[in-house]
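Engineer: Predicted model follows, preceded by the sequence.
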Amino acid sequence: MASCRLWLRGLLVAGMFLWGLLAVSLVFPGLNGLGDRRAWHWRERIILNWNRSVCRLLNVRIRVSGHRDPTARLTVANHISWLDIIALGSLQPLVFVAKSEVADWPVMGRLARGIGTLFIRRGDPEQSAATLEAMTWMLRRGAHLMLFPEGTTTRGDQVLRFHGKLFNPAQLTAVRVQSVALRYRGVSSQVAPFVGDDDFLPHLLRILRQPVIELDLHYCPSLPGGLRRDQLARAARLQICEWLDPDLRYLPTARRSFT
């Protein structure tokens, strides 16, 4: 019986990923004829509902605390798993900023490209500058951006240094910035992390075998516009560390358990 349920969930999730690929390949281009505003609206609705559906199928239970600031145009979070993206995307429409390696992930990479994710290629100053310029332009047009300033994933037992240059668009546009602290609970803290040489499909299978994925998501008070990028980076990381474990602010590379 358990094996049958696993197969059923697997087929349903595979169907959702297939629908996502069809949406970004066929449906989204077809929306362009509606005009920019209406096309953007329908794209956001499709992406939001897709993320919510995947969370339901994977039984990702998100426990939200704090208050989301609707005036904050840049949201930043610590990064543990590809599940972070789907969980955050299920709560509100977001334009994600990710490292260029994400574009090469099977399935998720194609979906990320299709929904308009902005990619930063580490070690390529020219490309990074172009992405930061695009972020600045989008913030000025009222878009809501989401990025993971650590630049990589961790097992959730540490919060790495936040890269200040990623906050440059927020400094230039003087938008409010809101930090989000993510923490997987219990067994999920061991299963959810997607780090190092993990492959997407084997990791997805491990997720499917879990009866539930438990995620704490905390909205920290938003930071005011007008701060310098280094101030924003330090303050955002400090807020997340304070909520997860105050000792993490002093130990950026130390491992601690949240189980």
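Structural biologist: Received the coordinates, thanks. Numbering: from 1, shown residues only.
Engineer: which residues does the residue nearest in space to the middle of the chain contact?
Structural biologist: Centroid-nearest residue in the chain: I85, 3.1 Å away (criterion: Cα atoms, centre = their mean). I85 makes contact with F96, A98, M108, A112, according to Cβ atoms under 8 Å, 6 or more residues apart in numbering. All C-beta spots, glycine's among them, are computed from the backbone N, C-alpha and C.
Engineer: Nearest to T153 among those?
Structural biologist: Closest approach between the contacts of I85 and T153, by Cβ to Cβ: A98, at 10.8 Å.
Engineer: doesn't that closest one fall inside a helix?
Structural biologist: No. Checked against DSSP: H, G, I helix; E, B strand; the rest coil, A98 lies outside a helix; its state is strand.
Engineer: Give me the local confidence score for it.
Structural biologist: A98 carries a pLDDT value of 85.
Engineer: And the helices in the stretch 1-150 of the chain, which stretches?
Structural biologist: Under the criterion DSSP state H, counting those that start in this stretch, helices of the stretch 1-150 of the chain are mapped to 2-22, 28-31, 36-57, 82-89, 108-114, 125-140.
Engineer: Now mean pLDDT and distance to L205 too, for those, in CSV please.
Structural biologist: What follows is these, written out as CSV (pLDDT from 0 to 100; distance: least, Cβ to Cβ, whole Å):
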stretch, mean pLDDT, distance to L205
helix 2-22, 82, 8
helix 28-31, 85, 28
helix 36-57, 90, 14
helix 82-89, 94, 14
helix 108-114, 85, 14
helix 125-140, 90, 33
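Engineer: what's the most buried one of the ones you listed?
Structural biologist: Burial of the helices of the stretch 1-150 of the chain is given as mean neighbour count (mean count of other Cβ atoms under 10 Å); helix 82-89 ranks first at a mean of 23.
Engineer: and the angle from that helix to helix 36-57?
Structural biologist: Using axes from the mean of the first three to the mean of the last three Cα atoms, to 10 degrees, one finds that helix 82-89 and helix 36-57 are set 120 degrees apart in direction.
Engineer: So L34 sits against R43, correct?
Structural biologist: No. Here L34 does not reach R43: they are 10.0 Å apart, not a contact under Cβ atoms under 8 Å.
Engineer: what's the spacing between the residue nearest to the centre of the chain and A170?
Structural biologist: Using Cβ to Cβ, to the nearest Å, I85 is found at 20 Å from A170.
Engineer: just to revisit the earlier point, make a markdown table out of the helices of the stretch 1-150 of the chain and add distance to A181.
Structural biologist: Conversion of the helices of the stretch 1-150 of the chain to a markdown table gives the following (distance: least, Cβ to Cβ, whole Å):
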| stretch | distance to A181 |
| --- | --- |
| helix 2-22 | 27 |
| helix 28-31 | 32 |
| helix 36-57 | 18 |
| helix 82-89 | 11 |
| helix 108-114 | 23 |
| helix 125-140 | 22 |
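Engineer: Mind checking these for the one nearest to G66?
Structural biologist: Of all those, helix 82-89 comes closest under Cβ to Cβ, at 13.5 Å.
Engineer: just how off-centre is the closest one within its chain?
Structural biologist: With Cα atoms, centre = their mean, to the nearest Å as the basis, helix 82-89 stands 5 Å off its chain's centre.
Engineer: Put the alpha carbons of that helix into CSV.
Structural biologist: Only the C-alpha atoms of helix 82-89 are listed here, as CSV (Å, rounded to 0.1, in the frame of the first residue of the first chain):
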residue,chain,number,x,y,z
TRP,A,82,15.4,23.9,-4.1
LEU,A,83,12.2,23.5,-2.0
ASP,A,84,12.9,27.0,-0.6
ILE,A,85,12.1,28.4,-4.0
ILE,A,86,8.8,26.6,-4.4
ALA,A,87,7.8,27.3,-0.8
LEU,A,88,8.5,31.0,-1.1
GLY,A,89,6.9,31.1,-4.5
